[in-house]
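Show me how the following folds:
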Amino acid sequence: MLLQTLAIPTILLVIFIWVVQPKQRHGKIAPGPKALPIIGNLHMLGKLPHRTLQTFARKYGPIMSLKLGQVQAIVVSSPETAELFLKTHDTVFASRPKIQASEYLSHGTKGLVFSEYSAYWRKVRKVCTLQLLSASKVDMFAPLRRQELGVLVKSLRNSAASREVVDLSEVLGELMENIVYKMVLGRARDHRFELKGLVHQVMNLVGAFNLADYMPWLGAFDPQGITRRLKKASKEIDQFLEQIIQDHEHNQYDNYKVQKAPHNNKDFVDILLSLMNQPIDLQGHQNVIDRTNIKAIILDMIMAAFDTSSTTVEWAMSELLRHQSVMKRLQDELENVVGMNRHVEEIDLEKLAYLNMVVKETLRLHPVAPLLVPRESREDVTIDGYFIKKKSRIIVNAWAIGRDPKVWHNPLMFDPKRFENCNVDIRGSDFRVIPFGSGRRGCPGIHMGLTTVKLVLAQLVHCFNWVLPLDMSPDELDMNEIFGLTTPRTLLVIFILILSYALFHPNQPQDDDKAHPPGPKPLPIIGNLHMLGKLPHRSLQALAKKYGPIMSIKLGQVPTIVVSSPETAELFLKTHDTVFASRPKTQASEYMSYGTKGLVFSEYGPYWRNMRKFCTTQLLSASKVDMFAPLRREELGLFVKSLEKAASSRDVVNISEQVGELMSNIVYKMILGRNKDDRFDLKGLTHEALHLSGVFNMADYVPWARAFDLQGLKRKFKKSKKAFDQVLEQTIKDHEDPTDSDKKSVHNSEDFVAILLSLMHQPMDQHEQKHVIDRTNVKAIILDMIGGSFDTSTSAIEWAMTELLRHPRVMKTLQDELNSVVGINKKVEESDLAKLPYLNMVVKETLRLYPVLPLLVPRESLENITINGYYIEKKSRILINAWAIGRDPKVWCNNAEMFYPERFMNNNVDIRGHDFQLIPFGSGRRGCPGIQLGLTSVGLILAQLVHCFNWELPLGISPDDLDMTEKFGITIPRCKPLLAIPTYRLLNKA
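Purely as a prediction, here's the structure:
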């Protein structure tokens, strides 16, 4: 056992030394970004590698060198350099790299796409080109395409008749699936096999980031389980193809066989079977076509046909919908050439010059394979003065070439006219547009692909006019692309962590005999992190609909329980509150809370209990909140005066910014006892800290990754902590020595810092002498107060004003109440708030729909426990989806998404943590202790804004046009600032 234990680190050390030792160079290497040990430049690729590589090429040039793990890669990003690699030195770069996916899914690279360059590949290509993909063979399947397109048009006519919204992506996918079934396999869909699912599974595995392809020595470990999945997929595909071949051999597929004319009865499988046992090349008898060749070739044809054409048509239609003038010109051409009495036929295509331009422009901007299929150098070679060693991987960035401003005028604009009187070839002869590649390894199915794309696109545009749904404007179309199947940030660390996972978590015992909450299946290492998306609260709500209100997910290596209903929230936050009263340790809390010395992130225990009691009584009690009422009145008075000036000149006011400034002024004076200080940008520092705390930090989910600091967050945390510490230290010194003339900005009234300094060196609890307040405690508490005040109230007011602008009826009802209670001659005072029930309803409804912390602050279980029959292990992270609970139709009826404050009339729902259908401040021991301060600030500011001013949207924007998209972080503010024009409505002046 000792030998085995010692062997693992020894092997890793040897591998590391081998990886990082300097390699002998034979010439000038192409420039490129500096590579890290082991991982190379993998961490730099991001979600959209073609865009990242385009950016790098601007800095390093059109021939750029990268290290992908241990694989040397050359990235080509200009037409001139592409010609050198794909034409001048084509034979040197005519091979493919060996990857695990091709080994298993191409029957040992027996197909066409992934086969290495050799006599065998040349013969297979010749067979495919002549027997399957020649112009005559493409023409042979024209009746099939006509038939399937006819069915599609008929289906769309039915949709058009009832004005239905059509999912073009899905419809095009279905069309291509039907064509592939019949052209390649000679049958209608076969209920025995889910071909589409199998193909997408295969494509997922081919597109997945596989460590073994970049670190070949990891192949034996199969750390991601990809080898196992490849074997399984290979077996399923083989069974499917074997059945297809047997059906053809024995003619036992009458139920599925496509009925065609006798002269046109052959499909791809028929053609290949007729050639079986014959030499692949009549001039040579070494290689004959066998069953394995047929399966490999058929799989290549299926994969190449499934998504490529439909993706191109989808992009073309997107661009046409965004550019109505182009759509109109294309329809005019179709009317002129084809007429309005019949459908487009394939013989029409060569007469449609503008259609050809539209397709070229689509493929220029949106090549199906933006980096083409990688090639591999077969020998050492020097190109443009740069030495490229044998076995280098060659990546041609066709996407970047198509958008190169040195080649294309207005390269990002969709403008088919650029090809008018400009005979640019897209089949590989002209290197300005190479969507199909070029040279020996260029796509052999170009003719079939272009014929299919043009025919389908022409039919869609000729037979129908198209409009976007729900009054969506063309500019609102989402034009973002998805690259491959990698997830953001996972690529960054996964291969470094893979062996560490085996070392630090060897065969951990699992509680498999206990019932765990249901949830989606996690991936190795990353768990379910890839499923969270940009708005985790929404993603988790969607998953909860499938898996239930107590759901289990894995965030990296952290077991996590997601709670999504009032009943289950009560179990976690009340019934078993003590079990879930702790906080998980994160890097953010470690650095931004002075080693969790504050209140928010401190672990549950005697220290936290004393700290909470101290903060509640000394800083956040009702009497302390009331003590700062004059300060709030003063700042609000200045705020209203400023808005009155804007109202007099009909200026557009950025409500988000103005409310943020107001809260900033209040925070400065209430907490720090000073006006804004030019020496420090407290607001900027706070936003930076909140941003860092809300960033996905791999070290929090795979804790043994902390030492690597691969995202640089540890460095940023240290810098932010240092900057904050300087501000807080100077503030404390200013309070300790207020005589200095430079410190006249210190406010006269008692502030949080003054209160805390007066209690320094005293026990937090007079009955418990262990925990004494020191300078670090003061800083940690002040930092918590600042972080809890800056964005939370601002966000709530911002969302409330947004909804009031969208619902003038609610605005009018609230103003009527204010007129009645406060009067039109004076401003709102804090003493008025208790008499304003409708204002209270508006605030409740805002916090129901837009809780400031949508997932609250995560908790952590202190021990193993069973809840509702589900076992929850110690150290599990608990996420309460307050956002989902506030929108649960089982609780709030079918109008749960509607802003309707009247739902709280005669319904005394408490928002302070007692009623679990509305918990914007949490509940129980770890509920927010600053509720009173927060509600007072939100209620007063909102009331003042609505009472003192009428508001209207600028530039004729209608309420329905308001962007209601949120950003996810610690809080969920609006994505875009709220802009409106005020009109002063009180009879007195501010």
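
and the host helix or strand of Gly684, average pLDDT?
Using DSSP states H and E, the element containing Gly684 is helix 682-694. Taken as a whole, helix 682-694 carries a mean pLDDT of 76.

repeat for stretch 34-51
Taken as a whole, stretch 34-51 has a mean pLDDT of 82.

pretty sure Gln557 is touching Val702, no?
Yes: counting by Cβ atoms under 8 Å, Val702 is a contact partner of Gln557 at 5.4 Å. Glycine gets a C-beta too; all of them are placed from N, C-alpha and C.

higher neighbour count, the two?
A side-by-side neighbour count of Gln557 and Val702, using other Cβ atoms under 10 Å, places Val702 first with 25 against 18.

coming back round to it: need the overlap of contacts for Gln557 and Val702.
Residues touching both Gln557 and Val702 by Cβ atoms under 8 Å, 6 or more residues apart in numbering: Ile525.

related to what we said a few turns ago, what's the offset of the helix holding Gly684 from the middle of its chain?
Put simply, helix 682-694 sits 22 Å off its chain's centre (Cα atoms, centre = their mean, to the nearest Å).

Same check on stretch 780-796?
27 Å.

what comes up buried for it?
780-796 (16 or more other Cβ atoms under 10 Å).

With stretch 813-820 instead?
For stretch 813-820, the neighbour count (16+ other Cβ under 10 Å) marks Thr813, Leu814, Gln815, Glu817, Leu818 as buried.

Correct me if wrong: the third one contacts Leu945.
No: Gln815 lies out of contact with Leu945 (Cβ under 8 Å); the separation is 10.7 Å.

The helix holding Gly684: what's the following helix or strand?
With secondary structure assigned by DSSP H and E, helix 682-694 is succeeded by helix 698-701.

Leaving out chain neighbours, which residue sits closest to Arg51?
Leaving aside its sequence neighbours, Arg51 sits nearest to Trp399 (Cβ to Cβ, 6 or more residues apart in numbering; 7.8 Å).

neighbours around the one you found, how many?
With other Cβ under 10 Å as criterion, Trp399 counts 25.

outside of the one helix or strand it maps to, which residues touch it?
Element membership for Trp399, per DSSP H and E: helix 398-401. By Cβ under 8 Å, 6+ apart, the surrounding residues in contact with helix 398-401 are 50-51, 53-54, 57, 77-79, 82, 367, 369-372, 407, 431-435, 437.

Please check these and keep the buried ones.
The neighbour-count test (16+ other Cβ under 10 Å) marks 50-51, 53-54, 57, 77-79, 82, 367, 369-372, 407, 431-435, 437 as buried among the contacts of helix 398-401.

In helices, which of the residues you listed fall?
Among the buried ones among the contacts of helix 398-401, DSSP state H puts His50, Arg51, Leu53, Gln54, Ala57, Pro79, Ala82 in helices.

Please identify which pair of those lies farthest apart.
Arg51 and Pro79 (18.8 Å; Cβ to Cβ).

Can you give me the domain boundaries for the chain?
What automatic domain parsing lists as the domains of the chain is 119-141+166-305, 587-984.

could these go into JSON lines alongside distance to Val563?
Converted to JSON lines, those look like this (distance: least, Cβ to Cβ, whole Å):
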{"stretch": "domain 119-141+166-305", "distance to Val563": "30"}
{"stretch": "domain 587-984", "distance to Val563": "5"}
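
between those, which gets the lowest average pLDDT?
domain 119-141+166-305 (a mean of 78).

centre of the chain versus that domain, how much separation?
Relative to its chain's centre, domain 119-141+166-305 lies at 33 Å (Cα atoms, centre = their mean).

roughly how far apart are Ser162 and Ser155?
For Ser162, the distance to Ser155 equals 12 Å [Cβ to Cβ, to the nearest Å].

picking that back up, closest one to His576 among the domains of the chain?
In terms of Cβ to Cβ, the element of those nearest to His576 is domain 587-984, at 6.4 Å.

Distance across the closest one, terminal residue to terminal residue?
Chord length of domain 587-984, first to last residue, is 47 Å (Cα to Cα, to the nearest Å).

Begin at 29, not 1, for the rest of this chat.
Got it, the first residue is 29 from now on, which makes the last one we talked about domain 615-1012.

Can you give the contact residues for stretch 434-445?
Residues external to stretch 434-445 that are found in contact with it (Cβ under 8 Å, 6+ apart): 106-107, 347, 350-351, 354, 382, 385-386, 388-390, 392-393, 429-433, 446, 460.

do the same with stretch 479-486
Applying Cβ under 8 Å, 6+ apart, the set of residues contacting stretch 479-486 is 166, 173, 177, 200, 203-204, 207, 337, 340-341, 344-345, 362, 372, 374, 376-377, 380, 383-384, 386-387.

Please apply the same query to stretch 668-687.
667, 822, 825-826, 829, 855, 969, 972-973, 976-977, 982, 1001-1002, 1005-1012, 1017-1018.

if we can go back for a sec, pull up the overlap in contacts between Gln843 and Leu973.
Shared contacts of Gln843 and Leu973 (Cβ under 8 Å, 6+ apart): none.

so what's Met559 up against?
By Cβ under 8 Å, 6+ apart, the neighbours of Met559 are Pro548, Ser567, Leu571, Ile581.

which of these has the most neighbours?
Using other Cβ under 10 Å as the neighbour test, these are led by Ile581, with 24 neighbours.

where's it, which helix or strand?
Per DSSP H and E, Ile581 falls inside strand 578-583.

Pull the distance from that strand to the chain's centre.
Put simply, strand 578-583 sits 19 Å off its chain's centre (Cα atoms, centre = their mean).

Next: stretch 408-418.
Relative to its parent chain, stretch 408-418 has a centroid offset of 38 Å by Cα atoms, centre = their mean.

Now do that stretch, average pLDDT.
For stretch 408-418, mean pLDDT is 95.

Before we go further, Met1008 is sitting in a strand, right?
Not quite, residue 1008 is Ala, not Met. Yes: the assignment for Ala1008 by DSSP: H, G, I helix; E, B strand; the rest coil puts it in a strand.
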